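only geometry, no sequence info:
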């Protein structure tokens, strides 16, 4: 399962600069420690192996459920099975955040598209609505005290 | 109580079936329940007589009030906020992003730089999601992947990296080394059973690539992947 190697294929490795940056964030210069290049390269290999391991395990789990797509819950279970249960809360939080983002984006898009109007036109209509609402509010003789 | 039930039953059958659902009705302590049962004694259906319901409802009802959806202030401040946000966006736009962005795939706008705290370490840099997905799918068994999945894996990878780097750094510190080397990482990996899947990878790494002497009796390096914890020795860097 874990005897795949990607060392030769550069495309299937992580970007060095990103990895280096994250290392520096974990071990800032103030810590007094530096991370050598060979350690970084080894770390990158380990990271790729980690991805492979997780996705392979998640794939097995999804296949057992006769699912064709690996979903977040499969990753979650893979993490738990492989002894990385500590990661789950953070992982789920990020996934949830992404889902929320996606949802709101889709909603916005569809509303814009359905209207079939340009953004300027929509904005003008909205301001018109605001104005009429304001007028209505002011025209109420003894309405709300606020 | 049961006696009462029996006496009611022939007169108001639907009330007796309703009673078990409301345990408070049976208790005489409750005023509400008490009044209900009294009423039930002379009225077959206390719930459907409008005279009993109306007075409290009428007194408790608040006269409806017109609340305008947008007051003047809301309207103005909202617009002001939006325009200031636009202005800010324009300001920010020309500044080059420090983040790695896949040029080919416009799928993921750069995430807001939300500080994530894992093991007390903040990592702002994110992995490129598209690359993660490609690595996942390099395994030919792996088929389709949901859109969230690479993001979840990317987060897991981040935590994994933090744990590896911190462990390797501790390993180096225990040896009074300021430079974290591959062999430190190797030792850190060897200590943890969960990281057994990295055995093949770390096997390639020589134990002392820099040729530094650091253990008096280097006997525990090759054969025993599990060293005892706390192997701290002040003699370490005698040179």
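Thanks, I have the structure now. These numbers come from a predicted model, not from an experiment.

when you work out contacts or count neighbours from here on, use the C-alpha atoms and nothing else.
Will do.

so where do the helices sit in chain A?
Per DSSP state H, chain A carries helices over the ranges A:16-26, A:37-64, A:72-81, A:88-115, A:119-139.

how about TSV for the ones you listed, with mean neighbour count, mean pLDDT and distance to chain B added?
Listed next are the helices of chain A as TSV, based on neighbours: other Cα atoms under 10 Å in any protein chain shown; pLDDT from 0 to 100; distance: least, Cα to the nearest Cα, whole Å:
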stretch	mean neighbour count	mean pLDDT	distance to chain B
helix A:16-26	17	94	6
helix A:37-64	21	96	4
helix A:72-81	20	96	5
helix A:88-115	14	86	5
helix A:119-139	13	91	6
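
compile the ones you listed into TSV and extend it with columns for distance to residue B:175.
Shown next, in TSV, are the helices of chain A (distance: least, Cα to Cα, whole Å):
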stretch	distance to residue B:175
helix A:16-26	19
helix A:37-64	16
helix A:72-81	32
helix A:88-115	32
helix A:119-139	63
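
nearest to residue B:138, out of the ones you listed?
The closest of those to residue B:138 is helix A:37-64. By Cα to Cα, the value is 8.3 Å.

pLDDT value on the closest residue to residue A:79 other than its chain neighbours, please?
Excluding its sequence neighbours, the residue lying closest to residue A:79 (Cα to Cα, 6 or more residues apart in numbering or on different chains) is residue A:85, at 5.7 Å. The model reports residue A:85 with a pLDDT of 96.

now residue B:14
pLDDT, read off for residue B:14, is 57.

ok and the residue in chain B nearest chain A?
The minimum distance from chain B to chain A, using Cα to the nearest Cα, falls at residue B:182 (3.8 Å).

need the contact list for the closest residue in space to that residue that isn't next to it in sequence.
When the adjacent residues along the chain are set aside, residue B:182 lies closest to residue A:39, with 3.8 Å between them (Cα to Cα, 6+ apart). Applying Cα atoms under 8 Å, 6 or more residues apart in numbering or on different chains to residue A:39 gives the contacts B:180-185.

dump the residues you listed into CSV; add secondary structure, pLDDT and neighbour count as well.
Below are the contacts of residue A:39 laid out as CSV (DSSP: H, G, I helix; E, B strand; the rest coil; pLDDT from 0 to 100; neighbours: other Cα atoms under 10 Å in any protein chain shown):
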residue, secondary structure, pLDDT, neighbour count
B:180, strand, 95, 24
B:181, coil, 95, 25
B:182, helix, 95, 26
B:183, helix, 94, 23
B:184, helix, 95, 25
B:185, helix, 96, 27
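
same list (those residues) but as CSV, adding distance to residue B:131.
Below are these laid out as CSV (distance: Cα to Cα, whole Å):
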residue, distance to residue B:131
B:180, 27
B:181, 26
B:182, 24
B:183, 28
B:184, 28
B:185, 24
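
that older thread, burial count for the residue nearest to residue A:79?
Applying other Cα atoms under 10 Å in any protein chain shown, we find 13 residues neighbouring residue A:85.
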